[in-house]
Structure formats: C-alpha cells, structure tokens
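Visitor: Below are the sequence and a predicted model for it; my questions follow.
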Amino acid sequence: MDVHVSVENQFPEDLYEAMTAFIRHHPQWDQYRLMQSAVAGFLFQQGCHDPAVVRHYLDGLFRKPLAPVV
C-alpha cells in the first residue's frame, strides 16, 4: 500500500484557476492526481530516475481514464 504525505502549498491565483479549469474539463483528474503527475514529471525531467518517481511519471502519462458512471 502506498504511503501518502499531505503537503500544503500556496499557488499564484492564475495558476490555481488554470488547475481548477483543467480539472473541471477533465473529470478523470483530481487535484491529487494532477499534483502527483506534475511533481513526478518535474523530478523525472530534472534527471531523477528513482524507480518510484519513474512509476508515478509513467502512470501519469499512460493512466486510462475512468469510464463515466451512468
């Protein structure tokens, strides 16, 4: 089971608005998945090849959207 750690951060208002607009238009994403993907992508692109980071990075790229609930 993955261990989760809470992180508190303050965003510039325009970045926060862009994030909420993205989530509103992509219901398969939530704020947690978006932040995990963003952090893993940044770390990977900066040369971090820790297996856990790579797994989260690839999961963010290739995770299939959830089927809509009818």
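Guide: Nice, thanks for sending it over. Residues are numbered from 1 along each chain as shown.

Visitor: list the contacts for residue 41?
Guide: By Cβ atoms under 8 Å, 6 or more residues apart in numbering, the contact set of residue 41 is 57, 60. C-beta coordinates here come from the backbone N, C-alpha and C atoms, glycine included.

Visitor: and it, how far is that from residue 33?
Guide: To residue 33, residue 41 is 12 Å away according to Cβ to Cβ, to the nearest Å.

Visitor: Quick check: neighbours shared by the two?
Guide: Joint contacts of residue 41 and residue 33 (Cβ under 8 Å, 6+ apart) are residue 60.

Visitor: Backbone dihedrals for residue 8, both of them.
Guide: Note on residue 8: its backbone torsions stand at phi -110, psi 140 [degrees, to the nearest 10].

Visitor: Could you shift the numbering so residue one becomes 527, and keep it that way?
Guide: Got it, first residue is 527 now, which makes that one residue 534.

Visitor: for residue 574, phi and psi?
Guide: Per degrees, to the nearest 10, the backbone of residue 574 is at phi -80, psi 120.

Visitor: How about residue 576, nearest residue that isn't a chain neighbour?
Guide: In space, and not counting its chain neighbours, residue 576 is closest to residue 569: 7.8 Å by Cβ to Cβ, 6 or more residues apart in numbering.

Visitor: secondary structure element for that neighbour?
Guide: Counting by DSSP states H and E, the element that carries residue 569 is helix 557-571.

Visitor: right, and the helix or strand after that helix?
Guide: The C-terminal neighbour of helix 557-571 among helices and strands, as given by DSSP H and E, is helix 577-588.

Visitor: What lies in contact with that next one?
Guide: Contacts for helix 577-588 (Cβ under 8 Å, 6+ apart): 559, 562-563, 565-567, 569-570.

Visitor: mind putting the residues you listed in a markdown table, pLDDT included?
Guide: Supplementary listing: these in a markdown table, determined by pLDDT from 0 to 100:
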| residue | pLDDT |
| --- | --- |
| 559 | 87 |
| 562 | 88 |
| 563 | 89 |
| 565 | 92 |
| 566 | 92 |
| 567 | 92 |
| 569 | 95 |
| 570 | 93 |
